[in-house]
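Engineer: I need the structure of the sequence given here:
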Amino acid sequence: MIKIKDTLVTLDLIERFFVCDLDACLGQCCIDGDAGAPLGEEEAEKIAEVLPKIENELAPRALEAIREEGASYTDPDGDLVTQIVDGRDCIYTCYAPGGKCLCALEKAYRAGQIPDVKPISCRLYPVRIKQYDSFTAVNLHRWKICRPAETLGKKLGIRAYQFLKEPLIARFGKDWYDELELAATEYLRQFPDK
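Structural biologist: Down below sits the predicted model:
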């Protein structure tokens, strides 16, 4: 771990190579798991505002879940998360030909239909943030579905912190990221085999 301002950052973020490979994983992170994506209260409100503009992209079962249970819920850990359908799919999941999973929020944003309201937890993935009383932990979640991303990152020579530059800046600020980048450069200079 390295300390950057009031955060403790896992060395995995610096050492690991990572570039999302949607063609290989088909967006499995949006449809595999036991809970939805973590949300802030403000994020949930912004998503609720644009929901009518993306309803036509959502699966009928997702719309039914939203009507019956809401677009988000508090999970057993006490975190606000996106609603899931049938115990797995995020309600904002939509599919492209070939079974590729896409995010309806991101799709509508890229088409210029809504502002960027995709949860920061999704944009940061595989980074997971955990808030403690005196610091924030910045961890890198690793699981088998992201192996193609690690392979592609290694092939391209792009580390996780580099790939995630924009969402890290969006979450922590440019000064924080600049400090992380400086620490990463120094760390990799000292440990070139990492």
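Engineer: Quick one: the helices in this structure, in order.
Structural biologist: 12-15, 22-25, 41-54, 60-69, 104-110, 120-124, 147-156, 160-163, 165-172, 174-190 (DSSP state H).
Engineer: tell me the contacts of the closest residue to P148 other than its chain neighbours?
Structural biologist: Closest residue in space to P148, ignoring its immediate chain neighbours: A24 at 3.5 Å, by CB to CB, 6 or more residues apart in numbering. Placement of C-beta: from N, CA and C, glycine included. By CB atoms under 8 Å, 6 or more residues apart in numbering, the contact list for A24 reads 148-149, 152.
Engineer: neighbours of the nearest residue to L51 once chain neighbours are set aside, just the number please.
Structural biologist: Nearest non-adjacent residue to L51, counting by CB to CB, 6+ apart: A71, 6.5 Å away. A count of nearby residues for A71, using other CB atoms under 10 Å, gives 18.
Engineer: Distance check, A71 against L39.
Structural biologist: 9 Å (CB to CB, to the nearest Å).
Engineer: Name the residues contacting each of those two.
Structural biologist: Common neighbours of A71 and L39 (CB under 8 Å, 6+ apart) are 47, 82.
Engineer: Now do the nearest residue to R61 once chain neighbours are set aside: how many residues are near it, please.
Structural biologist: Among residues not flanking R61 along the chain, V85 sits closest, at 5.0 Å (CB to CB, 6+ apart). Other residues near V85 number 21, with proximity taken as other CB under 10 Å.
Engineer: Kindly report the same for the one 4 residues further on.
Structural biologist: Look at D89: counted by other CB under 10 Å, it has 22 neighbours.
Engineer: Could I get the contacting residues of it?
Structural biologist: 30-31, 59, 62.
Engineer: Same list, the residues you listed, but as a markdown table with distance to W143, neighbour count and pLDDT please.
Structural biologist: Listed next are the contacts of D89 as a markdown table, based on distance: CB to CB, whole Å; neighbours: other CB atoms under 10 Å; pLDDT from 0 to 100:
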| residue | distance to W143 | neighbour count | pLDDT |
| --- | --- | --- | --- |
| C30 | 13 | 23 | 80 |
| I31 | 13 | 17 | 80 |
| A59 | 24 | 17 | 89 |
| A62 | 24 | 23 | 91 |
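Engineer: Sort out for me which of the residues you listed are in strands.
Structural biologist: Under the assignment DSSP state E, these contribute nothing to strands.
Engineer: Kindly indicate which of those lies nearest G99.
Structural biologist: Comparing the contacts of D89 against G99 with CB to CB places I31 closest, at 10.0 Å.
Engineer: Test my guess that that closest one contacts R88.
Structural biologist: Yes. Judged on CB atoms under 8 Å, I31 makes contact with R88 at a distance of 5.7 Å.
Engineer: for the residue nearest the centre of the chain, what are its contacts?
Structural biologist: Nearest to the mean C-alpha position of the chain, by CA atoms, centre = their mean, lies C122 at 2.3 Å. Taking CB under 8 Å, 6+ apart, we find C122 in contact with 30, 37, 103.
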